[in-house]
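> pasting the sequence and the predicted model now:
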Amino acid sequence: MSRKPLSAAVVLLALALLPAVPARADEGESVFSLNVAGAGFSVPDHSAMGGVLGADYEYSLTDLIWLRASGGGGAFYDTTSEAPAYAGYAEVGITYVLDVLRYVPHVDLGVGGIVLHAEDIEEPVLPLISLGVGMDLLTSRTRSMGVFARFESFLGRSAFFQVGVRTSWRWGFF
């Protein structure tokens, strides 16, 4: 192994270990997040790209399992028509959080729906099953920021995805 990959590996390991401050998640902790994301949707005869603003509320059942409610909306450029498209979504689910270090990875699973407004859309309200991943950085005991990606679909009839950033406020610990 050459010196460059070995040096890079040592630096990465040192950086990973330095901020290893316990997050100390507790039952009953709450998190409210605001997020902004690039997004898109695809339904029969429509494909659109744009952006959404959203909010999440999470409540800790255990240090690993959280209940989650999400919602938001956005505007899109519909590639199949001249008119803009709009969407609103809402979902509930669970989040698995590995809340032991300053960096907090999480996986979301949920169910919900999306309301679409676009020219000639046949089904404006569609159910969704959601799968998401993300990583938050705890900047303090009460604040964090992070990145996330979510993909939502239902039986191949629809697809909605988001990739974005979020800022969060935490309370109810200890």
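Sure, I can see it. All values reported here derive from a predicted model rather than from experimental measurement.

> what sits against Leu53?
Leu53 makes contacts with 34-36, 72-74, as judged by Cβ atoms under 8 Å, 6 or more residues apart in numbering. In short, each C-beta sits where N, CA and C put it, glycine included.

> tell me the one of those nearest Leu98?
Checking the contacts of Leu53 against Leu98 by Cβ to Cβ gives Asn35 as the nearest, at 19.8 Å.

> any idea how far Asp120 is from the spatially most central residue of the chain?
The chain has Phe148 as the residue nearest its centroid, 4.1 Å off, counting by Cα atoms, centre = their mean. Separation of Phe148 from Asp120 (Cβ to Cβ, to the nearest Å): 32 Å.

> coming back round to it: roughly how far does the residue nearest to the centre of the chain sit from Val97?
From Phe148 to Val97 the distance is 12 Å (Cβ to Cβ).

> next one: Gly134
Between Gly134 and Val97 the computed distance is 10 Å (Cβ to Cβ).

> for Gly132, same thing?
As for Gly132, its distance to Val97 is 12 Å (criterion: Cβ to Cβ).

> neighbour count for those two, which is higher?
It is Val97, of Gly132 and Val97, that has more neighbours when counted by other Cβ atoms under 10 Å, with 25 against 22.

> for the more buried one, list the residues it contacts.
Applying Cβ under 8 Å, 6+ apart, the residues near Val97 are 25, 60, 63-66, 104-106.

> quick check: the farthest pair among these?
Greatest spatial distance in the contacts of Val97: Ser60 and Pro105, 15.5 Å, computed using Cβ to Cβ.

> picking up where we left off before, what sits in contact with each of Gly134 and Val97?
Among the neighbours of Gly134, those also in contact with Val97 (Cβ under 8 Å, 6+ apart) are 105-106.

> if we can go back for a sec, who has more neighbours, Ser60 and Pro105?
Looking at Ser60 and Pro105 with other Cβ under 10 Å, you find the greater number of neighbours at Ser60, namely 22 against 15.

> and the nearest residue to Gly112 once chain neighbours are set aside, what are its phi and psi?
The shortest distance from Gly112 to any non-neighbouring residue, by Cβ to Cβ, 6 or more residues apart in numbering, is to Glu91 (2.7 Å). Here is the backbone geometry of Glu91 (degrees, to the nearest 10): phi -160, psi 160.

> and Glu91, what is it in contact with?
Applying Cβ under 8 Å, 6+ apart to Glu91 gives the contacts 69-71, 110-113, 128, 130, 152.

> in this protein, which spans are strands?
Secondary structure of the chain (DSSP state E): strands at 30-43, 46-60, 65-78, 84-97, 103-117, 125-138, 143-154, 158-171.

> turn those into CSV, columns for mean pLDDT.
Below are the strands of the chain laid out as CSV (pLDDT from 0 to 100):
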stretch, mean pLDDT
strand 30-43, 94
strand 46-60, 95
strand 65-78, 95
strand 84-97, 95
strand 103-117, 94
strand 125-138, 94
strand 143-154, 94
strand 158-171, 94
